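Visitor: Could you look at this predicted model? Sequence included:
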Amino acid sequence: MIALLLGGIWSRVWGYVIAAGAVVSLLLGIYVKGRRDGEQKIEDAAEAQRLKDVAKAQVISNEVDKMSPTDLDAGLSKFMRD
């Protein structure tokens, strides 16, 4: 008798359990995708900044290579202590 009653209740609740599982799975999927997109955005920004820094370093290196030793000494003297 009790088994029949529990079986009837379980058959009615089973649909709700499946629906709740689907909702939880959907929310978890959205959360994971948002985290992955956020990480990718941060990585893209870091890579863009790295490329800017490399280009800036190359420009500075080219300018230093073109300087005469006297100009180079004068330019670097402002960074030296007296």
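Guide: Perfect, I can see it now. Numbering: from 1, shown residues only.
Visitor: what about this structure, any weak spots by pLDDT?
Guide: 82 (pLDDT under 70).
Visitor: longest helix in this protein, by residue count?
Guide: helix 2-66 (DSSP state H).
Visitor: list the helices and strands the next helix or strand after it packs on?
Guide: Next helix or strand after helix 2-66 toward the C-terminus (DSSP states H and E): helix 69-77. Using 3 or more CB pairs under 8 Å, 6 or more residues apart in numbering; DSSP states H and E, no helix or strand is in contact with helix 69-77. Using the backbone N, CA and C atoms, a C-beta is placed for each residue, glycine as well.
Visitor: buried stuff in helix 69-77?
Guide: Across helix 69-77, burial judged by 16 or more other CB atoms under 10 Å covers no residue at all.
Visitor: what residues does that helix touch?
Guide: Residues outside helix 69-77 that contact it (CB atoms under 8 Å, 6 or more residues apart in numbering) are V64, M67.
Visitor: Could you quantify the relative orientation of that helix and helix 2-66 as an angle?
Guide: Angle between the axes of helix 69-77 and helix 2-66 is 130 degrees (criterion: axes from the mean of the first three to the mean of the last three CA atoms, to 10 degrees).
Visitor: what about helix 69-77, distance to the chain center?
Guide: A distance of 42 Å separates the C-alpha centroid of helix 69-77 from that of its chain, computed with CA atoms, centre = their mean, to the nearest Å.
Visitor: and what of stretch 66-80?
Guide: For stretch 66-80 - counting by CA atoms, centre = their mean - the centre lies 41 Å from the chain centre.
Visitor: and it, how far apart are its ends?
Guide: Using CA to CA, to the nearest Å, the gap from the first to the last residue of stretch 66-80 comes to 21 Å.
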